[in-house]
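Colleague: Sequence first, predicted model second:
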Amino acid sequence: MLGQPGQGNYAAANAFLDALAHHRASRGQPALSINWAAWSGLGFADSAGGKRLAARLALTGIGSLAPGQALEVLGKLIGQAATQVAVVPVDWVRYRQFYPIGTESSLSSRLAYEQDDQAPQVAPAGGTRSMLLAAEPAERRALLQAHLAELVARVLGLSAAKLDVTQPLSNLGLDSLMAVELKNRIAVDLGVNVPMVTFLSGPSVEQAAAQLLALLTTEQATSSLSRAAANSHDEGRRDSGGDDLRLETLDEYTDEEVNSLLTDLMAKAEVTE
């Protein structure tokens, strides 16, 4: 129902059962489809793989149900006229932080924002990015590495203090599903869309932080160049004079001219600071 990564086939099979229940109900026949959360301590959930999956889901705000609790809910639902019911303990605020796109449907969006009204206010998306870019250049890498270590530790279910930032992420236990969670968290916090291969190619936290910093500073310089280009005039190249120098026309200029403009811009920014 929530569309977890790697469970597309499972979601499709359950969607069929949901549709079958509604079909029977439309014919006046009894039917009840329950979209359960994982039941703890039974079947796959009690295996090593099931426990790892449950721990990872818990990090994203999706909890499990004790069998006794689930059976109590089942007993109540059987006596009702509902056709389809979701029984899932979810911390919607936490879930929306990991899967912002996953809360765009009308139902999940309403649930997420209703819980937001009762939850402590969290830092706005992109706040970490602004903080990093506002820091002195010499401090940025250390700040970004510390933040990335916290994110990786949360995804892995480890303590950040025990995380070895020099070890490849694959050696620390990062798999493809965890990489998706890490990618989404970075997108929310830093506004950077990191390719999945960046995490799956085996960098350490230390190396990944250096790559992220390069992306952030490149985007910052490009953004500054775009603003400068929109408000500058190229008297040497345009006979008409007065035409705005736009970012989309930069491919008409030589590398030396672009580098010169960028150098002047950065120099002015340092003077302003």
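Modeller: In hand now; what should we look at? These figures come from a predicted structure and were not determined experimentally.

Colleague: Residue 182 reaches residue 199, doesn't it?
Modeller: Yes: Residue 182 lies in contact with residue 199 (CB atoms under 8 Å); the separation is 6.0 Å. Any C-beta I mention is one placed from the backbone N, CA and C, and that applies to glycine too.

Colleague: Now do the shared contacts for those two.
Modeller: Overlap of the contact sets of residue 182 and residue 199 (by CB atoms under 8 Å, 6 or more residues apart in numbering) consists of residue 174.

Colleague: Can you pull the poorly scored residue ranges out of the stretch 151-273 of the chain?
Modeller: 219-273 (pLDDT under 70).

Colleague: Would you map the helices across it?
Modeller: Along the stretch 151-273 of the chain, counting by DSSP state H, counting those that start in this stretch, helices occupy 176-190, 196-200, 205-231, 255-272.

Colleague: elements contacting the shortest one?
Modeller: In this structure, helix 196-200 makes packing contacts with helix 176-190, helix 205-231, judged by 3 or more CB pairs under 8 Å, 6 or more residues apart in numbering; DSSP states H and E.

Colleague: List the buried residues of the first one.
Modeller: Going back to what we said before, that points to helix 176-190. 177-190 (16 or more other CB atoms under 10 Å).

Colleague: Any chance of TSV for those, columns distance to residue 152?
Modeller: Below are the buried residues of helix 176-190 laid out as TSV (distance: CB to CB, whole Å):
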residue	distance to residue 152
177	14
178	9
179	10
180	13
181	10
182	7
183	12
184	13
185	9
186	10
187	15
188	15
189	12
190	14
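
Colleague: tell me the contacts of residue 212?
Modeller: Taking CB under 8 Å, 6+ apart, we find residue 212 in contact with 144, 148, 186, 190, 192, 194.

Colleague: now these in JSON lines, with distance to residue 14?
Modeller: Listed next are these as JSON lines, based on distance: CB to CB, whole Å:
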{"residue": "144", "distance to residue 14": "40"}
{"residue": "148", "distance to residue 14": "35"}
{"residue": "186", "distance to residue 14": "30"}
{"residue": "190", "distance to residue 14": "34"}
{"residue": "192", "distance to residue 14": "34"}
{"residue": "194", "distance to residue 14": "31"}
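
Colleague: of all those residues, which comes closest to residue 60?
Modeller: residue 186 (14.7 Å; CB to CB).

Colleague: May I have the phi/psi pair for the closest residue to the closest one other than its chain neighbours?
Modeller: Nearest non-adjacent residue to residue 186, counting by CB to CB, 6 or more residues apart in numbering: residue 194, 5.6 Å away. Residue 194 adopts backbone torsions of phi -90, psi 130, taken as degrees, to the nearest 10.
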